[in-house]
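Student: Sequence below, structure please.
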Amino acid sequence: METRERRRRRKQVKVGNFEAEEVSSKRWEFISMSEQEEDLICRMYKLVGQRWDLIAGRIPGRTAEEIERFWILKHHDMLSEGTKANDNRES
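Tutor: Numbers count the residues shown, from 1 in each chain. Predicted structure coming up:
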């Protein structure tokens, strides 16, 4: 029967054998959306949050990745301002 220490070591070895996912450094291009699509994305975001697959299911021809990228690019300034406001409160 194996000791606990031997099992722990075996698990640690297994955890260490993984492949890192590549991250693209390519700049994202802005995705143009119609006014109706933007409105629907905003309303759906308020209802379901960051469940991009659910939002994409309501907009024909759009993928969850496109919608998430659009949201991040459109709201980037607001997101960074929110971070700055939180930083100022802590000071």
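Student: Quick one: neighbours of the nearest residue to A64 once chain neighbours are set aside, just the number.
Tutor: Leaving aside its sequence neighbours, A64 sits nearest to W52 (C-beta to C-beta, 6 or more residues apart in numbering; 3.8 Å). Placement of C-beta: from N, CA and C, glycine included. W52: 22 surrounding residues under other C-beta atoms under 10 Å.
Student: Then I67?
Tutor: I67: 25 neighbours (other C-beta under 10 Å).
Student: ok, the residue nearest to A64 - contacts?
Tutor: For W52, the contact set (C-beta atoms under 8 Å, 6 or more residues apart in numbering) comprises 64-65, 67-68, 71.
Student: Buried only: go through the residues you listed for me.
Tutor: 67-68, 71 (16 or more other C-beta atoms under 10 Å).
Student: Could you provide those in JSON lines, with additional columns for pLDDT, secondary structure and distance to E37?
Tutor: Putting the buried ones among the contacts of W52 into JSON lines (pLDDT from 0 to 100; DSSP: H, G, I helix; E, B strand; the rest coil; distance: C-beta to C-beta, whole Å) gives the following:
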{"residue": "I67", "pLDDT": "94", "secondary structure": "helix", "distance to E37": "9"}
{"residue": "E68", "pLDDT": "92", "secondary structure": "helix", "distance to E37": "14"}
{"residue": "W71", "pLDDT": "91", "secondary structure": "helix", "distance to E37": "11"}
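Student: could these be laid out in JSON lines, adding distance to S34?
Tutor: As requested, those are arranged in JSON lines below (distance: C-beta to C-beta, whole Å):
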{"residue": "I67", "distance to S34": "13"}
{"residue": "E68", "distance to S34": "18"}
{"residue": "W71", "distance to S34": "15"}
